[in-house]
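Undergrad: sequence and predicted structure, then a few things I'm wondering about:
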Protein chains: 2
Amino acid sequence: MRLHRIPGTIAAAAIVLLLLANGACANQPKYVFFFLGDGMASSQIQATEAYLTTINGGSATEAVDLLKSKNRLNMSKMDVVGMQTTYDAHALMTDSASSATAFACGLKTLSGVIGMDDKMNTSYKSIAQLAHEAGKKVGILTSVSLDHATPAAYYASVANRGYMNNIATQLVESGYEFFGGGGLVAPNSPARDGDTSNKIFDILDKNGYKVLNDRESILSLKEDPRDRVVCINPVLPSSSAMPYAIDKPAENLSLEEMTEVAIENLYSDRRDQGFFIMVEGGKIDWACHANDAVATIGDMLDFDKAIGVALDFYKKHRNETLIVVTGDHETGGMTIGHATTAYKAYYEKLEGQTNSYEHFGMNQWTEHKANNTSCPADINEDMKALMADAFGLNYEALNDYQKEKLEDAYDTSLCGANDNSDAENKFLYGGYEPIIVTITHILNENASIGWTSYSHTGVPVPIFAQGREARLFAGFFDNTDIAKKLAKAMDLGDLPVEKEDAYQ
Amino acid sequence: MRLHRIPGTIAAAAIVLLLLANGACANQPKYVFFFLGDGMASSQIQATEAYLTTINGGSATEAVDLLKSKNRLNMSKMDVVGMQTTYDAHALMTDSASSATAFACGLKTLSGVIGMDDKMNTSYKSIAQLAHEAGKKVGILTSVSLDHATPAAYYASVANRGYMNNIATQLVESGYEFFGGGGLVAPNSPARDGDTSNKIFDILDKNGYKVLNDRESILSLKEDPRDRVVCINPVLPSSSAMPYAIDKPAENLSLEEMTEVAIENLYSDRRDQGFFIMVEGGKIDWACHANDAVATIGDMLDFDKAIGVALDFYKKHRNETLIVVTGDHETGGMTIGHATTAYKAYYEKLEGQTNSYEHFGMNQWTEHKANNTSCPADINEDMKALMADAFGLNYEALNDYQKEKLEDAYDTSLCGANDNSDAENKFLYGGYEPIIVTITHILNENASIGWTSYSHTGVPVPIFAQGREARLFAGFFDNTDIAKKLAKAMDLGDLPVEKEDAYQ
């Protein structure tokens, strides 16, 4: 034993004594955030950071700028990183229902099943429900509909994610304090009780929920919080989901803004049990299904800014806050490289895309199609101008193969057919509008982003954590362990926990 | 302060006192392993574990088996996991020279440059050289040639990875105790000194190196270790690299066996400084360039078994051993999902592939081409039988698009042309033999594995660690930090360290 080490050692021992004496009753974080990027894995993160580098005046060809803090996402700068496997009970590629059941309830189930096991006999409580029972306020936020698979796993148990009025009824019965983001898929459908006069919106009201759906009244919650509130953005272009972040209308709240409102609404400086807030970046997944990198990156940035809001809160409540960020699976088979560009990246080519594939389809393309009805047809100057205007794509600069693919897609979108085999068209377009998905494919590959699928893929996903008990999320583990680790962090006992009064 | 906690707390404090007193002089691991899977990222790891699940009697459609320990790789079961960014000084997609310089020397440089900065003015020491100077024995193992970019970064500084005789001369001058795996690209070329009578093999001999190149004499090192030895596998089909693991001839040593030999040769039960061993799975990258998933998985498995050998050593020297495993970059844009299979995986389809694209090209295809010389030609029964025999691919079961792609590729491989545009052919074949790369594309997509590139891609790569100081490798960091963390673990000072007597 080296004697000159002793004084420092004694000081360290004293600190340990103090920490142990104090820590036994204060290990659990009071404020817990779980951020879920639907469809988000390493490629989505890296593409977004490379894009940030480019729009911040750097260049993807000067990659050293990628190291600069301003070009890094909040999530990748967090203290703790782990990896998690995403497969479900019976498939390498999970869906969002089974993955959400894994990280909300701590058990593997089948694709399409929410909050139940793979036999669909038993229902399980989510960590949100357990946290709520333990006295925490709960907020559930998403950029898609509030009754979509991922948010639903935090309050509902159903054998099929498509049972929308059942899910919505369980939302109402949850008693959670805050819901925000998108809307409900069928708000005027009958509630689950079979009484067709009881619509979802009616029972929300009966259960003390205030539904707000304009920007001003939602923002007013920051000053005048409510006990039970459902905040629905006014503009929801499809499937009751928020528009893509790059299409955001001024009257909507971003996911970042909605997160600010949720925190202000749920936080209290009185002595209480704090809160559990789940925020889903749900349209990252939808953009990846459609193979639209710029829409993906736009929603990644909004999602990451929402994480930034939580980090600001953490800075004020450092010893009481835990933030965990992960994805439920990768979507689209997105890669950071493409055969046509080899070792070069050209992210500056993405800067010309001004709206999502969805917005283009609902607006510019719909108008163009109405004005161009004679078949067969070649890509005309009007269409070339549209591609240049909405996607920054210079048709004349494309190679022969790209022009051929655009022409085939245009024939199909405008006239319903081309001369490819069905198998080739299925590969080229998935279920998407051929001309639009071909445009984003070409734009993306020119920037050096590839896609191999229109579905989820099975690659492991990174997980990031910051704050009290963040250390639990280091290492390589299964997605079911996320719920178990969150339960441990909040002292909610062992998972999974059966529901006593399960409704199937 | 809760008084009843004190007794336990005092015990904890006593343990801390003991650890601090003891740890101050014994923190550094004596035995350090660095395993580098060239081209290995999350997809390569997940594909290999899904394949393992299948060949171990499970099924990729019963994904829950993926959780079983026997279906997991050694690397993904290690205690510590992190993520590292792989871009180099001027590109999102690094090459193996600049990435090896990053994790060997701790600095970013240009693609193609080894052990020098991006101005190519200054040469830097690798952690292997620093460890050697500190008294550790050094072993450098790779499945490609010993003078290839990754191993070279541990002993050489050159402005261009193509300066093979310069690199080989620096190998000889390193004085490292063990080299093993592949051979040298130009063993009979003149050494760097300009005296054309000094061949590389001659100066190896002059510098006390024994070159062994048969299985028996290499294995004999386990009983009779040597001070300086170069172990070259007898069968090296191309570029002085070992064959793919799935093509391994009996007279060769696998990477696993070569790692056993290296450990036995370098380990001594006398009091010494221990060793630093770098093992590269170099042909994982080559298989991914060629978009051959089964060859990739075969080399992943051999690489992971070599890690298993190190873990066995760790179990005997637990407090003195550090093992770090990572990849230098992803290659091929490999994904765990494909548009043609959507949410289903069929890894059992990969089991029919009996040799690599390379072996098939050098043997079955070469023979078939010699026997089929009339053009134009359709895929005949002989070719269909070859695909079934070597790849388990049933031609008749393919869809129209796949048959069309095979026919186009066959025309090109056999007759030099098809009716596609050059741009389409570049995308479809890269620089590979059209018919062979089309076969592996189709086989892989049928199993649900996609590829988007024939080059490296820019996705971050996981890093795993086990043993003493493994904790340093948790978190999200840059590839240059790997060298710095290894230097810290071995107490080798701050990096980068300039060479005094640099040769350019």
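TA: Received the coordinates, thanks.
Undergrad: please report how far A:F35 lies from chain B.
TA: According to C-beta to the nearest C-beta, to the nearest Å, A:F35 and chain B sit 16 Å apart. For every residue, glycine as well, the C-beta is placed using N, CA and C.
Undergrad: and what of A:K316?
TA: Taking C-beta to the nearest C-beta, one finds A:K316 at 24 Å from chain B.
Undergrad: also A:E358?
TA: In terms of C-beta to the nearest C-beta, A:E358 sits 20 Å off from chain B.
Undergrad: OK, contacts around that residue?
TA: A:P237, A:S238, A:P243, A:Y244, A:D247, A:A290, A:A295 (C-beta atoms under 8 Å, 6 or more residues apart in numbering or on different chains).
Undergrad: tell me which helix or strand it sits in.
TA: According to DSSP states H and E, A:E358 maps onto helix A:357-360.
Undergrad: which residues in chain A form strands?
TA: A:31-37, A:80-85, A:137-142, A:178-181, A:210-212, A:229-232, A:275-281, A:321-327, A:330-331, A:456-457, A:461-467, A:475-478 (DSSP state E).
Undergrad: off-centre distance for stretch A:141-158?
TA: In terms of C-alpha atoms, centre = their mean, to the nearest Å, the centre of stretch A:141-158 is set 11 Å apart from its chain centre.
Undergrad: and it, is it in reach of chain B?
TA: No. Using C-beta under 8 Å from any C-beta of the partner chain, stretch A:141-158 never reaches chain B; the gap is at least 14.0 Å.
Undergrad: and the helix ranked longest in chain A, C-alpha only, in PDB?
TA: Secondary structure of chain A per DSSP state H: the longest helix is helix A:293-316. Provided in PDB are the C-alpha atoms of helix A:293-316 (Å, rounded to 0.1, in the frame of the first residue of the first chain):
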ATOM      1  CA  ALA A 293     -34.400  11.300 -47.300                       C
ATOM      2  CA  VAL A 294     -35.100  15.100 -47.000                       C
ATOM      3  CA  ALA A 295     -38.500  14.500 -45.400                       C
ATOM      4  CA  THR A 296     -36.700  12.000 -43.100                       C
ATOM      5  CA  ILE A 297     -34.000  14.500 -42.200                       C
ATOM      6  CA  GLY A 298     -36.600  17.200 -41.600                       C
ATOM      7  CA  ASP A 299     -38.500  15.100 -39.100                       C
ATOM      8  CA  MET A 300     -35.200  13.900 -37.500                       C
ATOM      9  CA  LEU A 301     -34.300  17.600 -36.900                       C
ATOM     10  CA  ASP A 302     -37.700  18.400 -35.300                       C
ATOM     11  CA  PHE A 303     -37.400  15.300 -33.200                       C
ATOM     12  CA  ASP A 304     -33.900  16.200 -32.100                       C
ATOM     13  CA  LYS A 305     -35.000  19.700 -31.200                       C
ATOM     14  CA  ALA A 306     -37.600  18.200 -29.000                       C
ATOM     15  CA  ILE A 307     -34.800  16.300 -27.300                       C
ATOM     16  CA  GLY A 308     -33.000  19.700 -27.000                       C
ATOM     17  CA  VAL A 309     -36.100  21.000 -25.000                       C
ATOM     18  CA  ALA A 310     -35.700  18.000 -22.600                       C
ATOM     19  CA  LEU A 311     -32.000  18.700 -22.300                       C
ATOM     20  CA  ASP A 312     -32.700  22.300 -21.400                       C
ATOM     21  CA  PHE A 313     -35.100  21.000 -18.700                       C
ATOM     22  CA  TYR A 314     -32.400  18.500 -17.600                       C
ATOM     23  CA  LYS A 315     -29.900  21.400 -17.100                       C
ATOM     24  CA  LYS A 316     -32.200  22.900 -14.600                       C
END
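Undergrad: name the residues of that helix that come out as buried.
TA: A:293-307, A:309-311, A:313-314 (16 or more other C-beta atoms under 10 Å in any protein chain shown).
Undergrad: quick check: residues of the stretch 301-450 of chain A near chain B?
TA: For the stretch 301-450 of chain A, the residues in contact with chain B (C-beta under 8 Å from any C-beta) are A:330, A:333-340, A:342-345, A:399-402, A:404, A:420-424, A:426-427, A:430, A:448, A:450.
Undergrad: buried ones among those?
TA: Applying 16+ other C-beta under 10 Å to those flags A:330, A:333-340, A:343-345, A:399, A:401-402, A:420, A:423-424, A:426-427, A:430, A:448, A:450 as buried.
Undergrad: now the residue of the stretch 151-300 of chain A with the smallest separation from chain B: how far from A:G332?
TA: Residue of the stretch 151-300 of chain A nearest chain B, by C-beta to the nearest C-beta: A:N291 (9.4 Å). The gap separating A:N291 from A:G332 is 6 Å, by C-beta to C-beta, to the nearest Å.
Undergrad: do you know the pLDDT at the residue nearest to A:T48 when sequence neighbours are not counted?
TA: Nearest in space to A:T48, with sequence neighbours left out and distances taken as C-beta to C-beta, 6 or more residues apart in numbering or on different chains, is A:M300 at 4.2 Å. In this model, A:M300 is scored at 98, pLDDT.
Undergrad: kindly report the same for the one 5 residues further on.
TA: At A:K305 the predicted local distance difference test score is 98.
Undergrad: my guess is it meets A:S254, correct?
TA: Yes. Between A:K305 and A:S254 there is a contact under C-beta atoms under 8 Å: 7.2 Å.
Undergrad: where in chain A is pLDDT low?
TA: A:1-26, A:59-64, A:193-194, A:501-504 (pLDDT under 70).
Undergrad: same thing but 80
TA: By pLDDT under 80, the low-scoring segments of chain A are A:1-26, A:58-65, A:67, A:192-197, A:269, A:501-504.
Undergrad: report the contact partners of the residue most central in space within it.
TA: Against the mean C-alpha coordinate of chain A, by C-alpha atoms, centre = their mean, the closest residue is A:G281 at 2.3 Å. Contacts for A:G281 (C-beta under 8 Å, 6+ apart) come out as A:F35, A:L36, A:G37, A:D38, A:M40, A:S143, A:L255, A:D299, A:M300, A:D302, A:F303, A:A306.
Undergrad: reformat the residues you listed as TSV; add distance to A:A470.
TA: Output for these, formatted as TSV (distance: C-beta to C-beta, whole Å):
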residue	distance to A:A470
A:F35	13
A:L36	17
A:G37	18
A:D38	22
A:M40	19
A:S143	25
A:L255	22
A:D299	25
A:M300	22
A:D302	23
A:F303	19
A:A306	18
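Undergrad: between those residues, which is nearest B:S96?
TA: Set against B:S96, the nearest of these by C-beta to C-beta is A:M40 (28.3 Å).
Undergrad: give me every residue that touches that closest one.
TA: A:M40 is in contact with A:G281, A:I284, A:D285, A:M300, A:F303, A:T326, A:G327, A:D328, A:E330, A:V461, counting by C-beta under 8 Å, 6+ apart.
Undergrad: test my guess that the third one contacts A:F303.
TA: Okay, so that is A:D285. No. Using C-beta under 8 Å as the test, A:D285 is too far from A:F303 to be in contact (11.0 Å).
Undergrad: relative to B:T335, how far out is A:G458?
TA: Distance, A:G458 to B:T335, using C-beta to C-beta: 9 Å.
Undergrad: name the residues contacting each of those two.
TA: By the contact definition C-beta under 8 Å, 6+ apart, A:G458 and B:T335 are jointly contacted by A:E330.
Undergrad: what ranges do the helices span in the stretch 351-500 of chain A?
TA: A:357-360, A:366-371, A:381-391, A:400-415, A:422-429, A:434-447, A:479-489 (DSSP state H, counting those that start in this stretch).
Undergrad: residues in contact with the closest residue to A:N446 other than its chain neighbours?
TA: What sits nearest to A:N446 in space, not counting adjacent residues and going by C-beta to C-beta, 6+ apart, is A:K349, at 5.2 Å. Each residue near A:K349 by C-beta under 8 Å, 6+ apart is listed here: A:G392, A:L443, A:N446, A:A447.
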